[in-house]
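Novice: turn this into a model:
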Amino acid sequence: MNLLENIGLAFSTIWANKMRSFLTMLGIIIGIAAVIAILAIGNGGRYQIQKSMEQFGTNRLMIYMNWDNQREMRLRDYLNDRDIEAISSINGIEAITPLYEDWSSIRVQNQHMDVVLIGANADSQVITNVEMIKGRFITDRDVDNYSNSIVISEKEARELFGKMDVLGETVTLNSYRGPVDFHVVGITKYEENFFSGTMNDGRAQVYVPITTIMRIYNQTVYYGVNLKITNREDMDRIGQQVVRLLERVHNNQDMYTVFNLEQMMQTITGVINTITTVLSFIAGIALLVGGIGIMNIMLVSVSERIREIGIKKAIGAKRRTILLQFLTESSIISLIGGIIGICLGFVLGAGASFLLNMPPLISAKEVMLASLLAMAIGMVFGVYPANRAAKMDPIEALRYE
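Specialist: Numbering: from 1, shown residues only. A predicted model of the protein is given here:
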């Protein structure tokens with residue numbers, strides 16, 4: 001009996017016992033579905049983090065006030081223009097911009113929208129990796145002239161104006177000192193990412209000259225500084241150097257903290273990897289249980305077909321032929337369960353990823369490995385029943401009633 005005949009016989013047996021075969025597959029279905037869903041979510045999470053890092057800007061450092069010590073903070077502990085100038089002289093800094101932003105809202109006629117209002121200069125585009133769709137970004141001339149220029153995202157353009165051709169249009173900022181009109185000079189690409197969902201409450205970012213926002217809010221100090229570092233290897237050194245400089249100038253301690261996005265992302269990725277590993281181990285237990293279920297059902301199948309085995313052996317079937325017949329059957333059962341599990345895993349992964357606002361990602365290689373894993377489980381746990389069938393004495397088997 002060749003392989004194709006064994007496969008055909010296996011499908012006939014499975015079809016003849018549909019409910020039993022499905023229940024046998026159930027453990028494999030659950031295990032493989034869990035593995036695929038976990039991989040899809042884990043891969044999607046890692047991709048989303050990497051994408052967020054690229055959008056947020058690489059080699060980026062933020063040094064800002066340590067809000068844990070807010071009670072001890074004094075006005076003179078905050079950063080000023082002299083601090084920004086001193087920090088910019090540190091070797092290895094490619095771009096620098098003071099940090100001042102606020103949650104606010106803008107409106108066009110009766111249309112209102114909540115935004116994150118960010119004070120910017122010409123370096124801000126380099127640091128934040130903002131992608132322009134139309135127009136230009138904030139320039140040094142805007143900063144020097146305290147201009148009422150504003151750069152909005154395509155999200156504001158569509159929701160406030162209903163179109164993308166809005167350069168030169170007026171938007172009104174709702175500040176606590178009253179409404180202030182701004183003229184749109186540029187439109188940025190809007191993409192939701194890890195930070196827009198967790199740090200900005202889903203608000204789009206708009207940029208105005210740093211001097212203008214400071215004038216509107218009547219501020220003379222900044223709560224931090226945003227840096228673009230030339231070489232990634234220098235990030236820790238420069239971060240600590242900036243903190244020491246500020247502590248020396250302001251005669252304080254523990255008032256400033258360094259935010260290194262890449263370190264935070266590495267930590268989050270590590271947590272995702274750990275969770276994925278633990279959940280995959282749990283899914284592996286489900287696969288083990290599924291394998292044991294296949295072995296038990298195959299033993300039942302062997303017991304039900306003792307006379308059939310005896311007849312085959314009596315007419316010349318070799319031990320190897322019987323062994324391959326039952327191994328093929330257990331492998332096919334497990335493979336079908338694996339395929340169903342892969343499909344179910346796709347659905348579960350897509351559903352969970354939709355709720356988590358991230359793309360479900362699974363590679364063809366991982367699907368292939370999951371299929372091979374399912375087949376391997378069927379083969380491994382089918383060895384004992386198949387071997388038991390192959391070793392049967394044909395005379396004893398023919399006597400079996």
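
Novice: give me the pLDDT for residue 196.
Specialist: If you check residue 196, the pLDDT there is 51.

Novice: swap in residue 231?
Specialist: Predicted confidence (pLDDT) for residue 231: 89.

Novice: for it, give me its contacts.
Specialist: 59, 92 (Cβ atoms under 8 Å, 6 or more residues apart in numbering). Glycine gets a C-beta too; all of them are placed from N, C-alpha and C.

Novice: and the host helix or strand of residue 328, what's its mean pLDDT?
Specialist: In the assignment (DSSP states H and E), residue 328 maps to helix 319-356. Averaging pLDDT along helix 319-356 gives 86.

Novice: so how far is the helix or strand just after it off the chain centroid?
Specialist: Using DSSP H and E, the next helix or strand after helix 319-356 towards the C-terminus is helix 364-390. Counting by Cα atoms, centre = their mean, to the nearest Å, helix 364-390 is centred 31 Å from the centre of its parent chain.

Novice: likewise stretch 122-130?
Specialist: Put simply, stretch 122-130 sits 24 Å off its chain's centre (Cα atoms, centre = their mean).

Novice: tell me who's in contact with residue 96.
Specialist: By Cβ under 8 Å, 6+ apart, residue 96 lies in contact with 84, 87-88, 123, 127, 225-228.

Novice: look up how far residue 102 lies from the residue nearest to it when sequence neighbours are not counted.
Specialist: Nearest non-adjacent residue to residue 96, counting by Cβ to Cβ, 6 or more residues apart in numbering: residue 88, 4.9 Å away. Look at residue 88 and residue 102: by Cβ to Cβ, to the nearest Å, they are 24 Å apart.

Novice: same question for residue 388.
Specialist: Between residue 388 and residue 102 the distance is 75 Å, computed by Cβ to Cβ.

Novice: can you check residue 263 too?
Specialist: 27 Å.

Novice: and what of residue 176?
Specialist: Taken as Cβ to Cβ, the span from residue 176 to residue 102 is 10 Å.

Novice: kindly report the same for residue 233.
Specialist: For residue 233, the distance to residue 102 - Cβ to Cβ - is 34 Å.

Novice: re the thing from before, who has more neighbours, residue 176 and residue 102?
Specialist: Taking neighbours as other Cβ atoms under 10 Å, residue 176 and residue 102 compare with residue 102 leading, 15 against 9.

Novice: so what's that one bridging to?
Specialist: residue 117 (DSSP bridges).

Novice: where in the protein is the helix or strand with the lowest mean pLDDT?
Specialist: Taking mean pLDDT, DSSP states H and E as the measure, the helix or strand of the chain with the lowest value is helix 194-198, at a mean of 50.

Novice: which is the next helix or strand following that helix?
Specialist: Following helix 194-198 in sequence order, the next helix or strand is strand 204-209 (DSSP H and E).

Novice: show me what that following strand packs onto, helices and strands only.
Specialist: Packed against strand 204-209 by the contact rule (3 or more Cβ pairs under 8 Å, 6 or more residues apart in numbering; DSSP states H and E) you find strand 111-120, strand 149-153, helix 154-156, strand 178-188.

Novice: packing partners for the shortest one?
Specialist: Contacts of helix 154-156 with other secondary structure elements, assessed using 3+ Cβ pairs under 8 Å, 6+ apart, are made with strand 204-209.

Novice: show me the shaky parts of the stretch 201-350 of the chain.
Specialist: 201-202 (pLDDT under 70).

Novice: which residues of it fall in helices?
Specialist: All helices of the stretch 201-350 of the chain, identified by DSSP state H, counting those that start in this stretch, fall at 210-216, 235-250, 261-304, 306-314, 319-356.

Novice: ramachandran angles for residue 175?
Specialist: Backbone geometry at residue 175, expressed as degrees, to the nearest 10, gives phi -100, psi 170.
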